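> give the three-dimensional model of this entry:
(chains A, B and C)
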Amino acid sequence: MSIWEYANPVKFMKTSSMVLPWVSILSALCIVTGLVWGFFFTPEAANFGSTVKVLFVHVPSATMAINIWVMMLVTSLIWLIRRHHVSALAAKAAAPIGAVMTIIALVTGAVWGQPMWGTWWEWDPRLTSFLILFLFYLGYMALWGAIDNPDTAADLTGVLCLVGSVFALLSRYAVKFWNQGLHQDSTIMKVGQDDPLDPSYYVPLVISIVGFVLFFVTLLLLRTRTEIRARRLKALEQRERMA
Amino acid sequence: MLALLSRDLKLAIRAGGGFGLGLAFFLIVVTLVPFGVGPEGKILARIAPGILWLGALLACLLSLDRIFALDFEDGSLDLLATAPVPLEGVVTIKAIAHWITTGLPLVVATPVFGLLMHLEGAAYYWMVIALLLGTPALSVLGTFGAAITVGLKRGGLLLSLLVLPLYVPTLIFGAELVRRGADGMETQVPLLMLAGITMATIAVVPFASAAAIRVNLR
Amino acid sequence: MMPELGKYTATVLLSYAGTLGPMIVLLGWSLWRGAKVKAALAAQEERMKKNG
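As a prediction, the model looks like this:
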């Protein structure tokens, strides 16, 4: 029993159809719990007022926006090295989810920034990096859409993802150097330090992050299944035309 | 490899667009900007480094799709791929040829365009240094984009979408270097970062470009 | 039922709408496309079986 068994599309389809209902129920449960808790049952913060409630949608989406790119990098590498088709299709399926998460993070950030910083948009390092990340997602998806041959498309997008990752990271540091920001640092990792996030925010935040992760997994399985079917459909059509 | 370089250069010159087109485009950008922001010298001097950098970026982008397209169509790219010279070397040569035909003229012409943009004393030579250090990275990254989109019918727009985000670090450090140089602040950090990015790009990206070409020739 | 959000009501509501909206659209699109491809594949397999 090894993880590589799931590289077999048939095996993947079978397992994912068993797992999918559970993951989706769990994800809906976590998101509803986390967001309802965050929205209705958290106190106002001294310096943020009630806008602190934006935290529960902003932080999970921002976390996912970055981690989905990392996941795409890993699956692209697996495709390039071991040539498992499911892996390449998973990367393809993940990209639109990542792009949407990036938009959500940008939109909620803008909405939050308006009362806090007095502006919808500021060329702050984090905001700028996210905008650049969004451009990378767009380019990646456009490349998948432009190439007909699925193996060529998988190879080229894989290489693009590799190079893009390096330059996205580089841009992150360049942008930091370019402009010192308004954005507060991440506090979630600072538990136990001088200024930890209060537990009344911490617990619902973690629940909604878990919810967002599961939401991503649900969508990823769903979309990867669609991609596998679409690939099979294309192959069958081709065979029919040949015959 | 030298033969390949001279061949590419000759082709670029004879095809007529090589040296001239990028420069003309650069000139147009520099001419149009004052119409957009107004003719005040102070404002122009302030935004000059950014405008010159953007002009260089766009001028570089213009000629990218021609790097491999012709060789791909007439089959000489297949020959180059099977030649004793490694494909990575071929790609590097192509990038150098592209730089000589678009990047280098821009660097040489920058003082003149700087005049039009009211660039001030110290900013002059910092601008030239920044472009000299930065434009090779633009050419190499552009070659990567061209290698990925070489098999596509209408890759032009996609090419810009893929390549421009990769230009962000070079643009940031390049423009920052000029800004700091003009204000008399210390310039070591952006200078080293700009040079470092260019060096690392030249060293690593040709491998990715060669891999992309191999995929496209399959 | 509705918590007191004070002067930031619009901010908080907008951010929740701006999150759930795109997520639901994405989910709906994925489901719709999944159903479409599944149906098309089933039809294709059926036809090929019939034709041998």
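
> tell me how far the residue nearest to B:Leu152 when sequence neighbours are not counted lies from B:Val150.
Closest residue to B:Leu152 apart from its sequence neighbours, by C-beta to C-beta, 6 or more residues apart in numbering or on different chains: A:Ala146 at 5.6 Å. Every residue, glycine included, has its C-beta placed from N, CA and C. A:Ala146 is 12 Å from B:Val150, where distance means C-beta to C-beta, to the nearest Å.

> B:Val163 now?
Per C-beta to C-beta, B:Val163 is found 13 Å from B:Val150.

> mutual contacts of the two, please.
Here B:Val163 and B:Val150 have no joint contacts, going by C-beta atoms under 8 Å, 6 or more residues apart in numbering or on different chains.

> one step back: and A:Ala146 and B:Val150? Which one has more around it.
Comparing A:Ala146 with B:Val150 by other C-beta atoms under 10 Å in any protein chain shown, the one with more neighbours is B:Val150, at 24 against 21.

> helix or strand for residue 30, which one?
Since no chain was named, I'll use chain A. Using DSSP states H and E, A:Cys30 falls within helix A:9-40.

> please go with chain C instead
Counting by DSSP H and E, C:Ser30 is found in helix C:9-51.

> would you tell me what the next helix or strand after the helix or strand of chain B with the lowest mean pLDDT is?
Using mean pLDDT, DSSP states H and E, the weakest-scoring helix or strand in chain B turns out to be helix B:2-14, at a mean of 73. Note on helix B:2-14: by DSSP H and E, the next helix or strand toward the C-terminus is helix B:18-37.

> buried stuff in that following helix?
By neighbour count on 16 or more other C-beta atoms under 10 Å in any protein chain shown, the buried set for helix B:18-37 is B:18-19, B:21-23, B:25-27, B:29-30, B:33-34.

> follow-up on the earlier one: these two touch, right, the residue nearest to B:Leu152 and B:Lys153?
No: in this structure, A:Ala146 is not within contact of B:Lys153 by C-beta atoms under 8 Å, at 9.1 Å.

> which residues touch the closest residue to A:Ile132 other than its chain neighbours?
Once flanking residues are discounted, A:Ile132 sits nearest to A:Ser171: 5.0 Å by C-beta to C-beta, 6+ apart. By C-beta under 8 Å, 6+ apart, A:Ser171 lies in contact with A:129, A:132, B:165, B:168-169, B:172.

> so which of these belong to helices?
Counting by DSSP state H, the contacts of A:Ser171 place A:129, A:132, B:168-169, B:172 in helices.

> highest neighbour count among the residues you listed?
Neighbour count (other C-beta under 10 Å) singles out B:Pro169 as the most crowded of the ones in helices among the contacts of A:Ser171, with 29 neighbours.

> OK, contacts around it?
A:167, A:170-171, A:173-174, B:193, B:197.

> can you pull the pLDDT of it?
B:Pro169 carries a pLDDT value of 91.

> give the contact list for the residue located most distally from the centre of chain B.
Distance from the centre of chain B peaks at B:Glu40, with 29.1 Å (C-alpha atoms, centre = their mean). Not one residue lies near B:Glu40 by C-beta under 8 Å, 6+ apart.

> low-scoring stretches of chain A, by residue?
A:1-3, A:5, A:46-47, A:180-197 (pLDDT under 70).

> longest helix in it, by residue count?
Determined from DSSP H, the single longest helix within chain A is helix A:199-242.

> and if you look at chain B?
If you go by DSSP H, chain B has its longest helix at helix B:188-217.

> that one: how far from the chain's middle?
From the chain centre to the centre of helix B:188-217 is a distance of 13 Å (C-alpha atoms, centre = their mean, to the nearest Å).

> stretch C:20-28 now?
5 Å.

> got a list of contacts for that stretch?
For stretch C:20-28, contacts defined as C-beta under 8 Å, 6+ apart pick out A:96-97, A:100, A:103-104, A:107, A:215, A:219.

> out of the residues you listed, which are buried?
For those, a neighbour count by 16+ other C-beta under 10 Å gives the buried set as A:96-97, A:100, A:103-104, A:107, A:215, A:219.

> adding secondary structure and distance to B:Ala203, write these out as JSON lines.
Formatted as JSON lines, the buried ones among the contacts of stretch C:20-28 follow (DSSP: H, G, I helix; E, B strand; the rest coil; distance: C-beta to C-beta, whole Å):
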{"residue": "A:Pro96", "secondary structure": "helix", "distance to B:Ala203": "34"}
{"residue": "A:Ile97", "secondary structure": "helix", "distance to B:Ala203": "34"}
{"residue": "A:Val100", "secondary structure": "helix", "distance to B:Ala203": "36"}
{"residue": "A:Ile103", "secondary structure": "helix", "distance to B:Ala203": "35"}
{"residue": "A:Ile104", "secondary structure": "helix", "distance to B:Ala203": "37"}
{"residue": "A:Val107", "secondary structure": "helix", "distance to B:Ala203": "39"}
{"residue": "A:Phe215", "secondary structure": "helix", "distance to B:Ala203": "41"}
{"residue": "A:Leu219", "secondary structure": "helix", "distance to B:Ala203": "38"}
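
> keep only these that also lie close to chain C.
Checked against chain C using C-beta under 8 Å from any C-beta of the partner chain, those give the following subset in range: A:96-97, A:100, A:103-104, A:107, A:215, A:219.

> for chain B, what lies in contact range of chain C?
Within chain B, no position is adjacent to chain C by C-beta under 8 Å from any C-beta.

> residue of chain B nearest chain C, please.
Per C-beta to the nearest C-beta, B:Leu161 is where chain B lies closest to chain C, at 21.4 Å.

> which residues does the residue lying closest to that residue once chain neighbours are set aside contact?
Spatial nearest neighbour of B:Leu161, excluding adjacent residues (C-beta to C-beta, 6+ apart): A:Gly139 at 4.8 Å. Listed by C-beta under 8 Å, 6+ apart, the contact partners of A:Gly139 are A:160, A:164, B:158, B:161-162, B:165.

> can you pull the residues of chain C lying near chain A?
Counting by C-beta under 8 Å from any C-beta, chain C sits next to chain A at C:3-9, C:11-12, C:14-16, C:18-19, C:22-23, C:26-27, C:30-31, C:33-34, C:37-38, C:40-41, C:44-45, C:47-48, C:51.

> residues touching residue 48, list them.
Looking at chain A here, since you left the chain open. Applying C-beta under 8 Å, 6+ apart, we find A:Phe48 in contact with A:Met116.

> switch to chain B, please.
For B:Ala48, the contact set (C-beta under 8 Å, 6+ apart) comprises B:114, B:117-119, B:123, B:127.

> please repeat the previous calculation with a cut-off of 7 Å.
For B:Ala48, the contact set (C-beta atoms under 7 Å, 6 or more residues apart in numbering or on different chains) comprises B:114, B:117-119.

> so, low pLDDT: which residues of chain B?
Along chain B, the model assigns pLDDT under 70 to residues B:12-19.

> try 80 this time
Residues of chain B meeting the criterion pLDDT under 80: B:1-22, B:41, B:65-66, B:70, B:118-122, B:153-156, B:184-185, B:218.

> near chain A, which residues of it show up?
Selection of chain B residues close to chain A by C-beta under 7 Å from any C-beta of the partner chain yields B:144, B:148, B:152, B:158, B:161-162, B:165-166, B:168-169, B:172-173, B:176, B:197, B:205, B:208, B:211-212, B:215-216, B:218.
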